[in-house]
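**Q** How does the following fold in three dimensions:
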Amino acid sequence: MPTHHTLVSSKRRRELPAEGVPALTRRLLLLSALVIAGCSTPVGVQRVDPQAVHRRLTGNVLSNGKLSQATTNVLYRRDLLDQFDDQPERALANLHTEVVAERENRDDIFALAELSFYHGQHSGKRSYFLATALYAWAFLFPEAGHRPPSPFDPRFRQAVDLYNRGLSEGLATGGSGAIELAGSTRELPWGSSDIDFAPASLVWGNRRLTRFSSVADVDVRGLPTRYRAPGLGASLAAQTEPLDSRRGYDDFVLPWAEVTATAVLRFERPRWQLGRTHLHASLELRTTDRATTIDVDGNQVPIEVETTGSLAQTLGEAPIWQQEISGFLEDTGVIDQASRLAALTPYRAGRVPVIFVHGTASSAGRWAQAMNELMNDPRLSDRISFWLFSYNTGNPILYSASLLRDALTAAVARLDPDGRDPALRAMVVIGHSQGGLLTRLTAVDSGDAFWRKLSRMPF
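**A** Prediction:
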């Protein structure tokens, strides 16, 4: 860099009037600033914290509320940066037109998915959330003749998350997390889409799934671990009602149990449909006891499963908590039939029942973390089913133990009267505190030992 010198003789400096000194000083400062600016280049780098760089390169609308670098690149290339700031819907329409015309620009399709979600959040228009799901599906599952995204492309996982969240928001009926699953015609930013839905998928054992809610926006408390199997779809929790109101709940499953479910919105020939004003899609519902994958173009794609969220919702407002102290203090010594053997899912042959028995002044809800861990262990999750035994802990232990034994015996006889399911007879009973005593008594033959403590007369 050349060095410029400005020389002012001492004689000349003495001849300057006093009021001229500040003006000269300003000129020298300005000249110095220009020289310093000339030392820096228009383009360069600066060493910063590597985590800051990583956040900048991997951040997106879902993680930090800002557009990803990949989407920003597309807006710049398409000269849409300023337009998206000032007229986002026009910018989206222009980019959509470009995609329809070119039919194979994967970068633009991903950008449309993220931009639509961003605008949906800021505008409150749910049509843009459904558009997010469509664009993300088109990015993930291109038609024949188009290359699918690389699994090493970070946009692959981002597109899955955009699809899942876009679907959850697009099917929402308000701010409470309620989700509507039904056949309908939904608005899109450039048209509409007919959505088919099979009501038969709502049948769950002897019950009907109803009142769906998203677990994507719930914060779980009371459980130190949270499990979510990664995959495609909107993670839901569903309540149930009897198929036959006259028979009521007759399947051993807790009346207030919430079911882990996943909704998937399927688009056939998505890129071709992008050029249509009236589209077609099919809405599918999956529960973990039915399937954990869906078929897309001959490939098995995992669905997203959020078990911890639905378990926490099941137990969050459950009536079992009310019995903990009251069941021990208020009814101490009073023998009644306040016991119940209940399951979390309908009976399925081949699955070993694991029965949890709570302790004194406690309830079945105290087994939440054990169930959360076991149901998410891949070695066990599809081999066991969970049952809960509730009883009045103020009752005599021998009486409560007899209730437990009778309940287990009756359940086996009712579910498998012909004895064809060996798994049902290999049940595991786990108890804590007083529940441990009850559990032990299911495996101990006391004979007449207790009677002989009371009387010498043969029983």
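**Q** I figured residue 203 hits residue 243, correct?
**A** Yes - with contacts counted by CB atoms under 8 Å, residue 203 reaches residue 243, the gap being 7.0 Å. For glycine as for every other residue, the C-beta is placed from the backbone atoms N, C-alpha and C.
**Q** Am I right that residue 353 is in a helix?
**A** No - remark: residue 353 does not belong to a helix; assigned using DSSP: H, G, I helix; E, B strand; the rest coil, it is strand.
**Q** which residue sits closest to it, ignoring its sequence neighbours?
**A** Excluding the flanking residues, the one nearest residue 353 by CB to CB, 6 or more residues apart in numbering is residue 427, at 4.3 Å.
**Q** Could I get the full set of helices for the stretch 301-450 of the chain?
**A** Applying DSSP state H, counting those that start in this stretch to the stretch 301-450 of the chain gives helices spanning 307-316, 323-329, 368-374, 397-415, 434-441, 449-454.
**Q** Which of these comes out lowest on mean pLDDT?
**A** Ranked on mean pLDDT, the bottom entry among those is helix 323-329, at a mean of 60.
**Q** More neighbours: residue 203 and residue 243, which one.
**A** residue 243 (14 against 11; other CB atoms under 10 Å).
**Q** confidence score at the more buried one?
**A** 92.
**Q** Spell out which residues sit in contact with it, please.
**A** Contacts for residue 243 were tallied using CB atoms under 8 Å, 6 or more residues apart in numbering; they are 203, 206-208.
**Q** Look up how far residue 438 lies from it.
**A** Residue 243 sits 34 Å away from residue 438, going by CB to CB, to the nearest Å.
**Q** go on, residue 280?
**A** 57 Å.
**Q** Same question for residue 216.
**A** For residue 216, the distance to residue 438 - CB to CB - is 39 Å.
**Q** ok, the two, which is more surrounded?
**A** Neighbour count, other CB under 10 Å: between residue 216 and residue 438, residue 438 has more, with 27 against 19.
**Q** what about residue 220, neighbour count?
**A** 17.
**Q** Quick check: the gap between the closest residue in space to residue 229 that isn't next to it in sequence and residue 42.
**A** Spatial nearest neighbour of residue 229, excluding adjacent residues (CB to CB, 6+ apart): residue 305 at 4.2 Å. Computed as CB to CB, the residue 305 to residue 42 distance reads 51 Å.
**Q** Just want to know which of those two has more residues nearby.
**A** residue 305 (23 against 4).
**Q** Hmm, that one is touching residue 288, no?
**A** Yes - look at residue 305 against residue 288 with CB under 8 Å: they come within range, at 5.6 Å.
**Q** list residues touching both of the two?
**A** residue 260.
**Q** Let's have the helices of the stretch 301-450 of the chain in a markdown table, adding distance to residue 27.
**A** As requested, the helices of the stretch 301-450 of the chain are exported to a markdown table (distance: least, CB to CB, whole Å):
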| stretch | distance to residue 27 |
| --- | --- |
| helix 307-316 | 68 |
| helix 323-329 | 83 |
| helix 368-374 | 73 |
| helix 397-415 | 96 |
| helix 434-441 | 89 |
| helix 449-454 | 108 |
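**Q** So residue 425 is in contact with residue 412, correct?
**A** Yes - counting by CB under 8 Å, residue 425 does reach residue 412; the two are 6.6 Å apart.
**Q** Which one's more surrounded, those two?
**A** The neighbour comparison of residue 425 against residue 412 (other CB under 10 Å) goes to residue 412, with 16 against 11.
**Q** Once you drop chain neighbours, what's closest to that one?
**A** residue 424 (5.6 Å).
**Q** Is residue 261 bridged to anything, and to what?
**A** residue 236, residue 287 (DSSP bridges).
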